[in-house]
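# Any chance you could fold what I've pasted below:
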Amino acid sequence: MDTDRIVGSAKEYAGRAEGAIGDTAGDAKTQASGKAREAAGTVQNLYGQAKDAVRDATDTAANYAKDAYDNSGETFRDGTQALSKKVQDNPLGALLVAGGIGFALALLMSRPARRPPPSRWRY
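Okay, the predicted model is just below:
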């Protein structure tokens, strides 16, 4: 728990108490001061909550990335085995897919390079 949450909550409750005292005494200045302190405490508490949420999200993302890195070799191996099984189950389909990819790459590689249009201004 962030210290801003604790301090903010304390300010908020102190502001409520000060506002209640101002209400009881009929003092507008004390009422206003209590409301201002309560609002400042609420803002500080929300700021602390936001910091906690960001910290939790960062920790979760870091743990997820660490798990993904730790399991990457196993995931790659599982993917390779699944692909190998698909090729063994349907060799003609795999051959057609590989041929289609090769054909598309050949088309991309054999196209002439695009040149920019000639400039109307001559230097």
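
# And residue 65, how close does it get to residue 74?
Relative to residue 74, residue 65 is positioned 16 Å away (CB to CB, to the nearest Å). The way it works is simple: take the backbone N, C-alpha and C, and place the C-beta from them, glycine included.

# do residue 115 as well
Distance of residue 115 to residue 74, given as CB to CB: 48 Å.

# Also residue 111?
40 Å.

# Over to residue 31?
Where residue 74 is concerned, residue 31 sits at a distance of 64 Å (CB to CB).

# Show me which of these two is the more surrounded one.
residue 31 (18 against 9; other CB atoms under 10 Å).

# looking at it, the more buried one is touching residue 22, isn't it?
Yes. With contact defined as CB atoms under 8 Å, residue 31 reaches residue 22; the gap is 3.4 Å.

# what is the mean pLDDT for the longest helix along the chain?
In the chain, assigned by DSSP state H, the helix with the most residues is helix 28-70. Average pLDDT, helix 28-70: 85.

# Alright, calling it a day.
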